[in-house]
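Asker: have a look at this fold, sequence not included:
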């Protein structure tokens, strides 16, 4: 069972899909993530890529994000996000893009959106998706100047420390998982 940890929706339950199709971020890791982000989530544009049940994006909404975009191409998972939003009575502030991660990010970029936070949590088995999405974000102008890309991954997985424009500023490990935080590199 997954619950919203804190904020206006704190302790409310979220439905998840049965089986191993989705690997929800643990409550402990979600707590760590939002402890790090703190009040900066308030009034932000938060993008939850490979959104699964929507737990991360819904947590951001609960903590005051003004807009959350959920990108999830798996049909049953996209429906699950809609069902979770409806069960929580959330009618505004959430958008579900039931398409591939890159297509969803391209759509946001074409709107000239500036995301404050972009959270990536591809299935661990799809290692190429990590680099594919990081490369896209590195070349796009989707991230706000002080924005953060957060990548959840296996602790043993090595991600690039630096791309052309993005650099890893922090990695937090917890159990077998880790969160890597990327920011736009300062111009040299």
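Answerer: Sure, I can see it. Predicted model, so just to flag it, every value in this text is computed and none were measured.
Asker: return the list of strands paired to the strand ranked longest in the chain, each annotated with direction.
Answerer: Taking DSSP state E as the assignment, the strand of the chain that covers the most residues is strand 143-154. On the basis of DSSP bridges, the sheet neighbours of strand 143-154 come out as strand 115-120 (parallel), strand 177-184 (antiparallel).
Asker: among those strands, which is the most enclosed?
Answerer: Greatest average neighbour count among these goes to strand 115-120 (a mean of 25), per mean count of other Cβ atoms under 10 Å. Just so you know, the C-beta spots here come from the backbone N, C-alpha and C atoms, and that holds for glycine as well.
Asker: OK, contacts around the residue nearest to the spatial centre of the chain?
Answerer: The residue lying closest to the centre of the chain (Cα atoms, centre = their mean) is residue 119, at 2.4 Å. By Cβ atoms under 8 Å, 6 or more residues apart in numbering, the residues touching residue 119 are 33, 46-49, 56-57, 149-150, 152.
Asker: now do 7 Å
Answerer: Contacts were defined as Cβ atoms under 7 Å, 6 or more residues apart in numbering; by that measure residue 119 touches 47-49, 56, 150.
Asker: ok, now residue 167?
Answerer: Residue 167 sits in contact with 161, 182-183, 185, where contact means Cβ under 7 Å, 6+ apart.
Asker: turn the strands paired with strand 143-154 into TSV, including distance to residue 141.
Answerer: Below are the strands paired with strand 143-154 laid out as TSV (distance: least, Cβ to Cβ, whole Å):
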stretch	distance to residue 141
strand 115-120	10
strand 177-184	10
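Asker: now render those strands as JSON lines, adding mean pLDDT and distance to residue 75.
Answerer: Compiled in JSON lines, the strands paired with strand 143-154 are given as follows (pLDDT from 0 to 100; distance: least, Cβ to Cβ, whole Å):
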{"stretch": "strand 115-120", "mean pLDDT": "98", "distance to residue 75": "20"}
{"stretch": "strand 177-184", "mean pLDDT": "96", "distance to residue 75": "26"}
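Asker: nearest to residue 129, of those?
Answerer: Nearest of the strands paired with strand 143-154 to residue 129, taken as Cβ to Cβ: strand 115-120 at 8.2 Å.
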